[in-house]
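Novice: Please work out how this folds:
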Amino acid sequence: MPVVAQRCNFAIGDIIDNRFQVSKVLGEGSFGKVYAVKDYSGNLQALKLLKLWEVPSDIRESLMTRFDMEFETGRINSDYLVHSISHGVVEGNPYIVMEYCPGGDLLSAASQSHLDLAEVATHVLCGLKALHNCGKVHRDLKPENVLVKKNGEFALTDFGISGDRNKRMTERNILGKPKQIFGTYVYAS
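Specialist: Residues are numbered from 1 along each chain as shown. The predicted structure is shown next:
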């Protein structure tokens, strides 16, 4: 049965899934949009909505599987990973609620202040170690996917294309070429 999803363009003040009020839009990518939201207790969190309505129906199921894996990867216990808190579905579009990181991303932090690069590198490597210890590979490490937490620590985020080191995600076409390439080209090694 095909997955049906309605268009969801939330604005500041809107309520998502009768649980979260939108405070601001934090960012948007090809497949998702991230909002700062408050729950009914007033806690500020980040909500990543998978824009399933913009995705061709033949890849929706595989994208939802990857989104579920992203949520589960965010459940790994480490101070150096952005934690997944909960998940749900609104108008047929899955979402993940994560801890809110008020310091923005590493790219923004680098332009606004003097950074201790050894500390940044240590935190990033600790996050990668936590992933690797659980059999995960990030696959899209870049400054935009390193966030600054409330306590000033740096944490990895965006596990949308993270993979299990024992499973291949690459599918090849009849000529042996990859059908789909994961990652950000400028950072892919």
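
Novice: In which helix or strand does Phe159 reside?
Specialist: Here Phe159 is covered by no helix or strand, with elements defined by DSSP states H and E.

Novice: So for the residue nearest to Val34 when sequence neighbours are not counted, what's the pLDDT?
Specialist: Closest residue in space to Val34, ignoring its immediate chain neighbours: Leu26 at 4.4 Å, by C-beta to C-beta, 6 or more residues apart in numbering. In this view, the C-beta of every residue, glycine as well, is placed from N, C-alpha and C. Note for Leu26: predicted pLDDT of 94.

Novice: Let's verify Thr122: helix, strand, or coil?
Specialist: Recorded secondary structure, Thr122: helix (DSSP: H, G, I helix; E, B strand; the rest coil).

Novice: and it, how many neighbours does it have?
Specialist: For Thr122, the neighbour count with other C-beta atoms under 10 Å is 14.

Novice: returning to what we had before: which of the helices or strands spans the residue nearest to Val34?
Specialist: Counting by DSSP H and E, Leu26 is part of strand 20-28.

Novice: That strand packs against which elements?
Specialist: strand 15-16, strand 32-38, strand 44-50 (3 or more C-beta pairs under 8 Å, 6 or more residues apart in numbering; DSSP states H and E).

Novice: and if we set it to 7 Å?
Specialist: Judged by 3 or more C-beta pairs under 7 Å, 6 or more residues apart in numbering; DSSP states H and E, strand 20-28 is in contact with strand 32-38, strand 44-50.

Novice: State the distance from the residue lying closest to Leu128 once chain neighbours are set aside to Ala155.
Specialist: Leaving aside its chain neighbours, Leu128 sits nearest to His138 (6.5 Å; criterion: C-beta to C-beta, 6+ apart). Taking C-beta to C-beta, to the nearest Å as the measure, His138 falls 12 Å from Ala155.

Novice: Could I get the phi/psi values of the residue nearest in space to the middle of the chain?
Specialist: Using C-alpha atoms, centre = their mean, the residue of the chain that lies closest to the mean C-alpha position is Asp158, 2.8 Å off. With angles defined as degrees, to the nearest 10, Asp158 sits at phi 60, psi 80.

Novice: Next, work out how far apart it and Lys38 are.
Specialist: According to C-beta to C-beta, Asp158 stands 22 Å off from Lys38.
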